[in-house]
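Chemist: make a model of this:
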Amino acid sequence: MSSRIAKVAGDFRMHRGGSLREPVIAYETWGELNAAKDNALLLFTGLSPSAHAASSQENRASGWWEDMIGSGLPLDTDRYFVICINSLGSCFGSTGPASIDPRTGQRYGLSFPILTLEDVAEGGFEVVRQLGLQRLHTVIGCSMGGMSALAFCVRHPGISDGFVSVSSAARALPFSIAVRSLQREMIVKDPKWCGGDYDPSDPPLLGQRLARKLGMITYRSAAEWEQRFGRERITGEGDPDSPFHGDFAVESYLEAQANKFTGQFDPNCYLYLSRASDLFDLAEHGGSLRAGFERLQLKRAMVVGVTTDILFPLQQQRELAAGLQKVVPEVLFESLDCLKGHDSFLVEMDAFRPVMCRYFDT
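Modeler: Have a look, this model is predicted:
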């Protein structure tokens, strides 16, 4: 495995206008290219992960898809060359709002152009091009990454034989748009946000914490909350001087998750990627969903969804699979009855590993 940077020469034109001067895309790889250079898997992440999807001798820290990538695992590094992209606009090595604009010597901040998942997809294409690859075995995306992967396939038809969407969709629903809109408002209404020109050493942590708590509520299922926490209470936490301090275990869990997230992810990067998730719509590629699907040139595809996912509900997985079935010769649709909602693809590996193996072993 190796951690690398792809540098784009000249100006990178953004999908909705504007450009970036010589941006970089961070990525990591596992496994080896075969002689024919046709065994590469391209992986796009959700909103917040880095490109570090799995550990290695070079970096032994566990990755966000640790139990999916490696020797003998579904994304088998004995068979495939796996590439994971850190999204353009992120803050884990790729150029984003927290990066220095070479034209000004200052952080981009809100001068960063409008970001779309088409731009994220083009960042992935730059990596593929610089690696000298003409063909991909499969493009894979989880959550937001599934939409980035779909954008890649519709903008570069014929490059990839396969496409795998995990807990994603062809476009965002009003519910998920509403949730993300409120998360963004929580951040920008924090006085420390300062119109996007905040001090990096003193960012709008309160807004980030609230946004993360709301996000966690949508990432998991109500059934899991009930089974895991019930009405269990805790003592000795919260502010005892406040009549509203949290004394339920679920409140303590949300507080811990919020504190863990804040300080790790740049607020402006979060805002840009969140908005990019709302903006994506396959129907924009041709004027309708059907036209968008017809632009794809895939041999195989798989769509995986979870019954308890409220952020990307199962009806969206069915819509995506039905659209693919009209234009792709072989489409697998997998509905998993997992407890942990949208986050199931990160934590319920016993359910997801067999499904992924079924795709790659067919």
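Chemist: helices of this protein, start to end?
Modeler: 117-130, 144-155, 174-188, 205-219, 222-228, 249-261, 267-279, 289-294, 314-325, 344-347, 349-361 (DSSP state H).
Chemist: what's in contact with the third one?
Modeler: It refers to helix 174-188. 172, 193, 196, 204, 207-208, 210-211, 214-215, 218, 267, 270-271, 274-275, 277-278, 310-312 (Cβ atoms under 8 Å, 6 or more residues apart in numbering). C-beta: built from backbone N, CA, C; applies to glycine.
Chemist: now, of those, which are buried?
Modeler: 172, 193, 196, 204, 207-208, 210-211, 214-215, 218, 267, 270-271, 274-275, 277-278, 310-312 (16 or more other Cβ atoms under 10 Å).
Chemist: thinking again about what came up before, tell me which of the helices of the chain sits most buried.
Modeler: By mean neighbour count, with neighbours taken as mean count of other Cβ atoms under 10 Å, helix 144-155 ranks first of the helices of the chain at a mean of 27.
Chemist: show me where pLDDT drops low in the stretch 101-250 of the chain?
Modeler: Counting by pLDDT under 70, the stretch 101-250 of the chain contains low-confidence ranges at 236-240.
Chemist: report the beta-bridge partners for Arg13.
Modeler: On the basis of DSSP bridges, Arg13 is bridged to Ser19.
Chemist: that one against Pro23, yeah?
Modeler: No. Counting by Cβ atoms under 8 Å, Arg13 does not reach Pro23; the two are 10.9 Å apart.
Chemist: have a look at these two and say which one is more surrounded.
Modeler: Using other Cβ atoms under 10 Å as the criterion, Arg13 and Pro23 rank with Pro23 on top: 22 against 12.
Chemist: which phi and psi does the nearest residue to the more buried one once chain neighbours are set aside have?
Modeler: In this structure, Pro23 finds its nearest non-sequential neighbour in Thr95, 3.6 Å apart by Cβ to Cβ, 6 or more residues apart in numbering. Backbone torsions for Thr95, taken as degrees, to the nearest 10, come to phi -70, psi 130.
Chemist: give the full set of residues in contact with Thr95.
Modeler: With Cβ under 8 Å, 6+ apart, Thr95 has these contacts: Leu20, Pro23, Val24, Ile25, Leu88, Gly89.
Chemist: at 6 Å what do you get?
Modeler: The contact partners of Thr95, taken as Cβ atoms under 6 Å, 6 or more residues apart in numbering, are Leu20, Pro23, Val24.
Chemist: can I get these in CSV including pLDDT and distance to Gly105?
Modeler: Converted to CSV, the contacts of Thr95 look like this (pLDDT from 0 to 100; distance: Cβ to Cβ, whole Å):
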residue, pLDDT, distance to Gly105
Leu20, 98, 15
Pro23, 98, 16
Val24, 98, 17
